[in-house]
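Student: here is the input, now give the coordinates:
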Amino acid sequence: MRIITPSDFTTTRWKNGGGITHEIARVDRNGSLLWRLSLAEVSSDGPFSAFEGLARILTVVEGPGMNLHGPDAVIRARPNAPVAFSGSLPIHGELLDGPVKNLNLIYDPARIEASVTRLTGPIKLAPNADLTALYVTAGSVSFDGTAASKGDLALGQPGELDLPANCAALNCTLHDRG
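Tutor: Okay, here's the model as predicted:
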């Protein structure tokens with residue numbers, strides 16, 4: 001597992017210019033995005049950037065949450081509760097009671113099967129052949145003697161993983177359909 005700390009993140013403006021995102025990890029294949037993990041800082045209501053042809057899983061990791069207004073429904077994005085939607089969907093974000101930080105997994109659903117689940121320790125995970133990105137939201141976790149703390153991302157194909165008590169993480173699993 002490779003540990004990626006916030007000092008390794010690449011900060012850029014949103015595609016729509018409305019805010020900033022911290023890109024954590026990204027994979028492109030044949031000149032197009034395969035998947036990307038990023039941490040968006042949202043400090044005001046406004047439109048989301050469109051990612052045509054891609055899927056998105058958003059998880060509020062800091063702050064009270066937000067409502068995502070789409071053309072046919074409102075998606076309730078609450079802390080540590082992943083929500084999935086099409087990146088092509090026009091979304092207007094409405095903050096509930098102050099700014100948030102959102103972990104975003106954006107991926108090509110034709111080439112990648114993805115999921116995000118919340119883990120709380122103590123828990124033991126069996127080895128997995130899929131690519132795993134573990135974003136630590138509380139406490140710290142160790143992989144082969146290397147620690148990942150709150151705000152870090154561990155990326156790779158883990159062996160057995162012990163998440164200790166008082167530790168929580170978002171487990172992003174990516175399976176290549178190709």
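Student: contacting residues around I123?
Tutor: 162-163 (C-beta atoms under 8 Å, 6 or more residues apart in numbering). (Each C-beta comes from the backbone N, C-alpha and C, glycine too.)
Student: tell me what it is bridged to.
Tutor: Note on I123: beta-bridge partners by DSSP bridges are L163.
Student: so how far is D28 from P109?
Tutor: 16 Å (C-beta to C-beta, to the nearest Å).
Student: lowest-confidence helix or strand of this structure?
Tutor: strand 161-163 (a mean of 78; mean pLDDT, DSSP states H and E).
Student: packing partners of that one?
Tutor: In terms of contacts (3 or more C-beta pairs under 8 Å, 6 or more residues apart in numbering; DSSP states H and E), strand 161-163 is packed against strand 123-125, strand 140-143.
Student: reformat those as TSV; add mean pLDDT and distance to K150.
Tutor: Output for these, formatted as TSV (pLDDT from 0 to 100; distance: least, C-beta to C-beta, whole Å):
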stretch	mean pLDDT	distance to K150
strand 123-125	81	17
strand 140-143	82	7
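Student: distance to N67 for those strands - can I get that in a markdown table?
Tutor: Below are the helices and strands packed on strand 161-163 laid out as a markdown table (distance: least, C-beta to C-beta, whole Å):
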| stretch | distance to N67 |
| --- | --- |
| strand 123-125 | 31 |
| strand 140-143 | 32 |
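Student: most tightly surrounded among those?
Tutor: strand 140-143 (a mean of 18; mean count of other C-beta atoms under 10 Å).
Student: name every strand pairing with the helix or strand just after that strand and say which way it goes.
Tutor: Going down the chain from strand 140-143, the next helix or strand is strand 146-149, by DSSP states H and E. Strand pairing for strand 146-149, using DSSP bridges, gives strand 140-143 (antiparallel).
Student: name all residues that make contact with A110.
Tutor: A110 touches 53, 177, counting by C-beta under 8 Å, 6+ apart.
Student: what secondary structure does it sit in?
Tutor: Here A110 is coil, with the state taken from DSSP: H, G, I helix; E, B strand; the rest coil.
Student: still on that earlier bit, can you tell which of the helices and strands packed on strand 161-163 is closest to P164?
Tutor: For these, proximity to P164 was assessed by C-beta to C-beta; strand 140-143 is nearest, at 6.9 Å.
Student: with that, I have no additional questions.
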